[in-house]
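# Provide a 3D model corresponding to the input given below.
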Amino acid sequence: MALLNKTNIQTKSLMKLSHLLMIVALLLGNFSLHAQSLNPEAVAFVKTYQDAYNKGDRTTLMTLFSDSVGRVNRDGSVKMLPKSYWNDDYVRDFGETVGTYQDFTVKSTRALPGGKMAIASTFTGYDFDRKTNAKVQPAPGSMDLIIGKEGGQWKIQQEKLLLGISSLADEMTEVVKKFQDAYNREDLTTLKTLMTSGIVRTAPDGTTKTGLDTEVAGLTKAFADSDVNTVISISNGIPQFDGSVILTGIFRQTGRTTKGQSIHYDGAYSNRVVKENGQWKLSEIKTMPVVKTITYHKVADYAAWKKGFNTFANERRFAGELSAEVSTLQDDPNMVCIIAEWASAEAAQAFFARPDLAATMQKDGVQGKPTVMVLSKK
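Below you'll find the model as predicted:
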């Protein structure tokens, strides 16, 4: 009897397993059918876009755009922009020191009313130095398109682009704000949770200290010696191929020492954050004095110059600029003054020595030779 029961149990188990395998097979079949249901014209369209982009072929790219294309913002709103906007964006993109390679995968296609089609795709890739072809940072993201036929050819009518660093922006802002708030509260308990056990701190003179206990001891002494308020701003977040992110920016401290001396300090930082058990933590802290430059020059037309200045923002950022403030003379709106902050004098000097900078400024309407001053705070 016991053997019969055991046999029945085995038979039932085999039936359940067979049923489960049938379900899995059906699911895999449905998945296969879904994968095969991608519209081949849509897949070909994205492939054409990918090849043209990676070749820097702006002429072909412009044949893929409608005369007016909607750009979907992060909040979901849509802004209609003329074809010339997208053309200018590619001119800037392909002319920058750092380029991008993208490898697209179409995830889904869907027919829309009016003969249009929605395409959801993701891409992996990397940014690279155009002069050396060296990889700079990973550049994943997603691109959702709505395309429609115009004159028998598919054209982009709406685009939603999300870069990998954009998706990380909120997380990076959160970890920096948590650190800032805990530091201002002198909350060592919270600060410990925001740093790795092997955290490395590099001082402005280049000396390093390693370990969470060492860092906590330093913070304890700093809190005992002074009462300061710290404001930390992020200038740039650069994803690394190992999954970490390098954050650069500026911190400003004001307050007093326990002896009553006034504290007012502007510093720059380059910190590395890593993900540990699902939480972003600081693994490296590097601080240095911030360097300021003042540049002033005459321009033919301020609005035209400012457009060019904004277009060159990525170049300034990659060169190491942390912030820039633009002003004009009260009695002469075409006399421009830029106060910028850098992590080092060498980075600023290398930027202003760029052979293409003079031609760029002339194109933007700068008149005469600009005056550039690198400040050293005493």
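# can you give me phi and psi for residue 320?
phi 110, psi 10 (degrees, to the nearest 10).
# and it, how many neighbours?
22 (other C-beta atoms under 10 Å). In short, each C-beta sits where N, CA and C put it, glycine included.
# what residues are up against residue 352?
Residue 352 makes contact with 293, 295, 372, according to C-beta atoms under 8 Å, 6 or more residues apart in numbering.
# again, only this time at 10 Å
293, 295, 319, 358, 370, 372, 374 (C-beta atoms under 10 Å, 6 or more residues apart in numbering).
# How about residue 273?
Counting by C-beta under 10 Å, 6+ apart, residue 273 has contacts 168, 171-172, 175-176, 179, 194-196, 237, 240, 244-247, 279-284.
# Repeat the analysis, applying 7 Å as the threshold.
175, 244, 245, 247, 280, 281, 282, 283 (C-beta atoms under 7 Å, 6 or more residues apart in numbering).
# quick one: the closest residue to the fifth one other than its chain neighbours from residue 69, how far?
With C-beta to C-beta, 6 or more residues apart in numbering as the criterion, residue 280 has its nearest non-adjacent residue at 4.5 Å, and that residue is residue 175. When distance is defined by C-beta to C-beta, to the nearest Å, residue 175 is 35 Å away from residue 69.
# Look at the two and report which has more neighbours.
Using other C-beta under 10 Å, the more surrounded residue of residue 175 and residue 69 is residue 69, with 22 against 19.
# pull the CA atoms of the helix or strand encompassing the more buried one into CSV?
Secondary structure from DSSP states H and E places residue 69 in strand 65-72. This file holds the C-alpha atoms of strand 65-72, laid out as CSV (Å, rounded to 0.1, in the frame of the first residue of the first chain):
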residue,chain,number,x,y,z
PHE,A,65,13.3,64.1,-39.5
SER,A,66,10.0,65.8,-40.2
ASP,A,67,10.0,69.6,-40.6
SER,A,68,8.7,69.9,-37.1
VAL,A,69,9.5,67.3,-34.4
GLY,A,70,8.1,67.1,-30.8
ARG,A,71,10.7,66.7,-28.1
VAL,A,72,9.3,65.0,-25.0
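# Mind listing what's buried along it?
For strand 65-72, burial by neighbour count (16 or more other C-beta atoms under 10 Å) applies to 65, 66, 69, 70, 71, 72.
# Now secondary structure too, for the contacts of residue 273, in TSV please.
What follows is the contacts of residue 273, written out as TSV (DSSP: H, G, I helix; E, B strand; the rest coil):
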residue	secondary structure
175	helix
244	coil
245	strand
247	strand
280	strand
281	strand
282	strand
283	strand
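# how far out from the middle of the chain is the strand holding residue 69?
23 Å (C-alpha atoms, centre = their mean, to the nearest Å).
# Just give me how far the helix or strand that comes right after that strand sits from the chain centre.
As assigned by DSSP H and E, the chain's next helix or strand after strand 65-72 is strand 78-82. Averaging C-alpha positions (C-alpha atoms, centre = their mean) puts strand 78-82 22 Å from its chain's average.
# Convert strand 78-82 to CSV, retaining C-alpha atoms only.
The C-alpha trace of strand 78-82 is given here as CSV (Å, rounded to 0.1, in the frame of the first residue of the first chain):
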residue,chain,number,x,y,z
VAL,A,78,6.1,68.0,-25.5
LYS,A,79,7.8,70.9,-27.2
MET,A,80,7.6,71.3,-31.0
LEU,A,81,10.9,72.2,-32.5
PRO,A,82,11.8,73.0,-36.1
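# I'd assumed residue 362 was in a helix, is it?
Yes - according to three-state DSSP, residue 362 belongs to a helix.
# and residue 44, helix, strand or coil?
helix.
# Save the contacts of residue 273 as TSV, and put in distance to residue 300 and pLDDT too.
Formatted as TSV, those follow (distance: C-beta to C-beta, whole Å; pLDDT from 0 to 100):
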residue	distance to residue 300	pLDDT
175	44	95
244	45	95
245	40	94
247	38	95
280	46	97
281	50	98
282	46	98
283	48	98
